[in-house]
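Student: My questions are about this predicted structure, shown below with the sequence.
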Amino acid sequence: MSAVTPTADNSLRSDATVISLVGFAHGTSHFFHFVLPPLFPWLMRDFGLSFTQVGAAMTVFFVVSGIGQALAGFVVDRIGGLRVLYGGVALISLGGMCYAFAQNYPMLLAAAAIAGLGNSVFHPADYTLLNRRVSPSRLGHAFSVHGLSGSLGWAAAPVFVLAIAETWGWRAACAGASMVGFLALGFLFANRRTLQDAKSLLAPDSKRRGGSFAFLGVPVVWMCFAFFFVAVMAFGGLQNFAPAIFHNAYGVTLAFATTALTAYLLASAAGVAAGGFFASHGERQDRLVAWALSAAALCSIILATAAVPAWSVVSLMAVMGFGVGFSGPSRDILVRRAATSTFGTGAFGRVYGFVYSGIDAGLALAPLVFGPLMDAGKPTQVLWGVATLQLLAIVAALSVGFRARTTAAPSTP
């Protein structure tokens, strides 16, 4: 098989096909992020759990995912992203079925660990496939579609699982989610020739420097990790508790509060799509990220005051989601620059795996930090925490941009 490293001559059709398939896989991953949170009321009732306890299931999911993601990057660099992606989709689907058959709280946590292990592979596998199979000139749009598909997966999951749970119960909802995963696995396998990448991944890379763990000595890699950690921990507070927050703080119905979260997710998807048109231009992506997150943080602060009318919650959440989504493609370009400036393409998997494990770390910690605030009856304090974390993410993004520009090799794309 010939090498498939992307060149400027890649056809639009070829790039679009790869982008679509990888985006589809990413959407499947994000779909499973939201399988459990909408079912918290059922789980709390059947297993006698508190907000903190039921949130801990998501902590287990993301702790396992974070550790696994950092390690999965090394496997991707060695055997290729496609094989690793197969394993991840299979495991996350199996985890959904284990949710359905859980008979007690420990079994629920074990199921979350299985699903988390499956979730761990997506970022190192996806981004390695995109960086190696898509023309550099289209990477901004590739990252945009990747983020957009993730947002759509988030938005689809609550609607899917709630529709089934309200009719047939939460176990049927989890089983249905599992079937979605297995169908996705079959679709990816049917298109395996398009995504085949193993031999190209094993090709020598003249830019590779140092040993396998040399990337851990580069400050910009750690700053990328920190950015993901604080930015996504902010989202974790909303992911797990937004409906309960707005129900308690603004006196709206749970249906209306859930609509606000859905507005955030859909607007985030729109923001990702728009951000892709700006991400590939110039070397100031950090400023785009900062401006977008500033708008999001302002919305968080306004909502935290609980001084605005209840009807404005949906629109403020939508603006916040758009800002967060808009920053995504520029963020991914920043990470690519950090990966290639020192280590070239041979370390895509391990750099992306480690940096994006910050996402899992943030999502794992969020329920433990914000759950006790919810149990204490302080929902607006969660929103203040979200705003603080978004402001910290701005500082981290500007630091990443500065370091990436000062350490980049002259030949960095």
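Tutor: Perfect, thanks for sending it. Please read all numbers here as calculations on a predicted model, not as lab measurements.
Student: Next up, the contacts around the closest residue in space to L148 that isn't next to it in sequence.
Tutor: Nearest residue to L148, sequence neighbours excluded (Cβ to Cβ, 6 or more residues apart in numbering): V272, at 4.4 Å. Yep, even glycine has a C-beta here, placed from its N, CA and C like the rest. Applying Cβ atoms under 8 Å, 6 or more residues apart in numbering to V272 gives the contacts 144, 147-148, 150-151, 325-326, 328-329.
Student: pLDDT below threshold where in the stretch 51-200 of the chain?
Tutor: Residue ranges of the stretch 51-200 of the chain with pLDDT under 70: 197-200.
Student: Tell me the gap between stretch 136-154 and the middle of its chain.
Tutor: 11 Å (Cα atoms, centre = their mean, to the nearest Å).
Student: Same check on stretch 173-191?
Tutor: For stretch 173-191, the distance to the chain centre is 19 Å (Cα atoms, centre = their mean).
Student: Helix or strand next in line after the one helix or strand H123 maps to, which one?
Tutor: Assigned by DSSP states H and E, H123 belongs to helix 122-133. Sequence-wise, the next helix or strand downstream of helix 122-133 (DSSP H and E) is helix 139-168.
Student: Just the buried positions in that following helix, please.
Tutor: 139-158, 160-162, 164-165 (16 or more other Cβ atoms under 10 Å).
Student: returning to that earlier point: for the residue nearest to L148, grab phi and psi.
Tutor: phi -60, psi -40 (degrees, to the nearest 10).
Student: Roughly how far does it sit from V60?
Tutor: 28 Å (Cβ to Cβ, to the nearest Å).
Student: Can you give me the neighbour number for the residue nearest to G81 when sequence neighbours are not counted?
Tutor: Leaving out its chain neighbours, the residue that sits closest to G81 by Cβ to Cβ, 6+ apart is A125, at 3.8 Å. Residues lying near A125 (other Cβ atoms under 10 Å) number 34.
Student: what's the answer for F47, then?
Tutor: The burial count for F47: 16, using other Cβ under 10 Å.
Student: repeat for the one 10 residues further on
Tutor: Counted with other Cβ under 10 Å, the burial measure for A57 works out to 27 neighbours.
Student: how near is the nearest residue to it once chain neighbours are set aside to F160?
Tutor: Sequence neighbours aside, A112 is the residue nearest to A57 in space, at 4.6 Å (criterion: Cβ to Cβ, 6+ apart). Remark: distance between A112 and F160 (Cβ to Cβ) = 18 Å.
Student: Tell me the helix or strand right after the helix or strand containing Y99.
Tutor: Using DSSP H and E, Y99 sits in helix 81-101. Reading on from helix 81-101 to the C-terminus, the next helix or strand found by DSSP H and E is helix 105-119.
Student: What residues sit buried inside the helix or strand containing Q69?
Tutor: Assigned by DSSP H and E, Q69 falls within helix 51-79. For helix 51-79, a neighbour-count test (16+ other Cβ under 10 Å) marks 51-77 as buried.
Student: which other helices and strands contact that helix?
Tutor: helix 40-47, helix 81-101, helix 105-119, helix 122-133, helix 198-201, helix 219-250, helix 348-375 (3 or more Cβ pairs under 8 Å, 6 or more residues apart in numbering; DSSP states H and E).
Student: Pick the most deeply packed of those helices.
Tutor: helix 122-133 (a mean of 28; mean count of other Cβ atoms under 10 Å).
Student: what residues does it touch?
Tutor: 4-6, 15, 18-19, 22, 25-26, 29, 69, 72-73, 76-77, 80-82, 84-85, 88, 139, 142-143, 146, 195, 197, 200-201, 332, 335-336, 345, 348-350, 352-353, 356, 359.
Student: now stretch 58-65
Tutor: 36-37, 109, 112-113, 115-117, 119-120, 236, 240, 357, 359-368.
Student: between the helix holding Y99 and helix 139-168, how big is the angle?
Tutor: For helix 81-101 against helix 139-168, the angle by axes from the mean of the first three to the mean of the last three Cα atoms, to 10 degrees is 20 degrees.
Student: Give the other helices and strands that helix 81-101 contacts.
Tutor: Against helix 81-101 (3+ Cβ pairs under 8 Å, 6+ apart) you get helix 12-33, helix 51-79, helix 105-119, helix 122-133, helix 170-190, helix 192-195, helix 198-201.
Student: Rebuild those as CSV, extending it with distance to V308.
Tutor: As requested, the helices and strands packed on helix 81-101 are arranged in CSV below (distance: least, Cβ to Cβ, whole Å):
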stretch, distance to V308
helix 12-33, 28
helix 51-79, 24
helix 105-119, 35
helix 122-133, 36
helix 170-190, 33
helix 192-195, 47
helix 198-201, 51
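Student: Need the pLDDT of P367.
Tutor: Per-residue pLDDT puts P367 at 86.
Student: Double-check it against Q239; I have them as touching.
Tutor: No - judged on Cβ atoms under 8 Å, P367 makes no contact with Q239 at a distance of 9.1 Å.
Student: how much space is there between F187 and L85?
Tutor: Following Cβ to Cβ, the distance that separates F187 from L85 is 12 Å.
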